[in-house]
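Engineer: coords below, sequence missing:
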């Protein structure tokens, strides 16, 4: 087993070993943590040729090597840069927005086992000349998927409609909530020219019973749209009272991300505790990442940083304690990083010689000890944990 304090040392060791003989990568301190570990990845099926053919694949880790199985072709020569932003995993289902060529600007559900694609219900509008359209704001948990749909007008480019939808993939139950206009206009910040509110973000609870996010209030004056304020909300679709929608706290904040379990929602350094309603601004932690799949635990989120265009730093931004920690620093460029499901350590991949190297930290401390785990093909790029 190799236990290395610095990945710069790891790079030197692997480079030297490659010159002498095949490098010896062994399992980490606790081999049981790697058995059955699975990632959903972007893979270049044309790797080694002049033709790029990307696919969403499944990478399974067992022992010292990783096996990769293509799931669905992306049929594009362009790398899907929004992969970790535009995909969510819930059990054996992938919820994918705008990455599949036959489903442009649509949100679909893909079954990893059967490889079947199912479309999600469209919101219905009450206006003769409008229709609904999927947006990039969605989340899934416990067989429920929440998503925001815009209302598009054939006559006006600034039609204000939007819908918050919830669909149960198992039962087929579908609920939609239209514009939160009355709710928006009932807030103390309302101005004389505030006219409407639009759903802007959504994050599902662990059990799928509710969601949190933000609503943007705006209006039109002199023929021009203007922004007024943002509201942090919680929505309970199954409530039989008028309490389906409630405001969380008093902060004016457009939510861009949420920690696991939705305890904290954030935008850059602005944070709302959804359990207490407290709004606060972090002083040490800056520029929190958007809601990338697999970056969060209950109290914080990962941040990937670069040096001269190379991603070589992995930080843990602890929102709970307003502390930012440099967990990993390495010269071999980081291919991807994911918070383990336990929330206690980080999986990440770095560039190797003949193959890339899957690694894991032992915790979230500064300069954490790193274990090398397995090799994986150079054809694998971005990865998110299943």
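Structural biologist: Looks like it came in fine. Every value quoted in this text rests on a predicted model; they were computed, and no experiment measured them. Numbers count the residues shown, from 1 in each chain.

Engineer: can you pull out the helices in the protein?
Structural biologist: Ranges of helices in the chain, per DSSP state H, are 7-20, 181-185.

Engineer: Pick out the shakiest of the ones you listed, pLDDT-wise.
Structural biologist: Mean pLDDT is lowest for helix 7-20 out of these, coming in at a mean of 40.

Engineer: And residue 161, how far from residue 125?
Structural biologist: Using CB to CB, to the nearest Å, residue 161 is found at 7 Å from residue 125. C-beta coordinates here come from the backbone N, C-alpha and C atoms, glycine included.

Engineer: Overlap in contacts, these two.
Structural biologist: Jointly contacting residue 161 and residue 125 under the rule CB atoms under 8 Å, 6 or more residues apart in numbering are residue 151.

Engineer: The two: who's more crowded?
Structural biologist: Comparing residue 161 with residue 125 by other CB atoms under 10 Å, the one with more neighbours is residue 161, at 21 against 18.

Engineer: Would you mind confirming that residue 36 makes contact with residue 60?
Structural biologist: Yes - with contact defined as CB atoms under 8 Å, residue 36 reaches residue 60; the gap is 7.5 Å.

Engineer: The stretch 1-150 of the chain: strands as residue ranges?
Structural biologist: For the stretch 1-150 of the chain, applying DSSP state E, counting those that start in this stretch gives strands covering 3-4, 37-44, 54-62, 65-73, 87-90, 93-97, 107-111, 117-119, 130-141, 144-153.

Engineer: Name every strand pairing with the second one and say which way it goes.
Structural biologist: In other words, strand 37-44. Partners of strand 37-44 in the sheet, by DSSP bridges, are strand 54-62 (antiparallel), strand 380-385 (antiparallel).

Engineer: Buried deepest among these, which one?
Structural biologist: Greatest average neighbour count among the strands paired with strand 37-44 goes to strand 380-385 (a mean of 21), per mean count of other CB atoms under 10 Å.

Engineer: Other residues contacting that one?
Structural biologist: Residues from elsewhere that reach strand 380-385, judged by CB under 8 Å, 6+ apart: 37-44, 57, 59, 66, 68, 79, 83-84, 87, 89, 293-294, 335-336, 338-341, 347, 349, 356.

Engineer: Of these, grab the buried ones for ChimeraX.
Structural biologist: A single ChimeraX command selects the buried members of the contacts of strand 380-385 (16 or more other CB atoms under 10 Å):
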select :37,38,39,40,41,42,43,44,57,59,66,68,83,84,87,89,293,294,335,336,338,339,340,347,349,356
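
Engineer: which residues does the closest residue to residue 304 other than its chain neighbours bridge with?
Structural biologist: Leaving aside its sequence neighbours, residue 304 sits nearest to residue 311 (CB to CB, 6 or more residues apart in numbering; 5.3 Å). Residue 311 has the following beta-bridge partners by DSSP bridges: residue 306.

Engineer: Count the neighbours of residue 311 for me.
Structural biologist: 17.

Engineer: so it sits right up against residue 303, yeah?
Structural biologist: No - using CB under 8 Å, residue 311 is not in contact with residue 303; the gap is 10.7 Å.

Engineer: Okay, residue 313 and residue 113: tell me how far apart.
Structural biologist: Distance, residue 313 to residue 113, using CB to CB: 37 Å.

Engineer: okay, those two: which has more neighbours?
Structural biologist: Between residue 313 and residue 113, counted using other CB under 10 Å, the more crowded position is residue 313 (17 against 9).

Engineer: Tell me who's in contact with that one.
Structural biologist: Residues near residue 313 by CB under 8 Å, 6+ apart: 304, 305, 306, 307, 326, 328, 329, 334.

Engineer: so which of those is the most crowded?
Structural biologist: Using other CB under 10 Å as the neighbour criterion, residue 328 leads the contacts of residue 313 with 24 neighbours.

Engineer: From residue 110, how far out is the nearest residue in space to residue 362 that is not next to it in sequence?
Structural biologist: In space, and not counting its chain neighbours, residue 362 is closest to residue 369: 4.6 Å by CB to CB, 6+ apart. Distance, residue 369 to residue 110, by CB to CB: 37 Å.

Engineer: ditto for residue 234
Structural biologist: Using CB to CB, we find residue 234 at a distance of 29 Å from residue 110.

Engineer: ok, these two, which is more surrounded?
Structural biologist: In terms of neighbours (other CB under 10 Å), residue 110 is the more surrounded of residue 234 and residue 110; the figures are 22 against 18.

Engineer: what about the residue nearest to that one when sequence neighbours are not counted, how many neighbours?
Structural biologist: The shortest distance from residue 110 to any non-neighbouring residue, by CB to CB, 6+ apart, is to residue 94 (4.4 Å). Neighbour count of residue 94, defined by other CB under 10 Å: 25.
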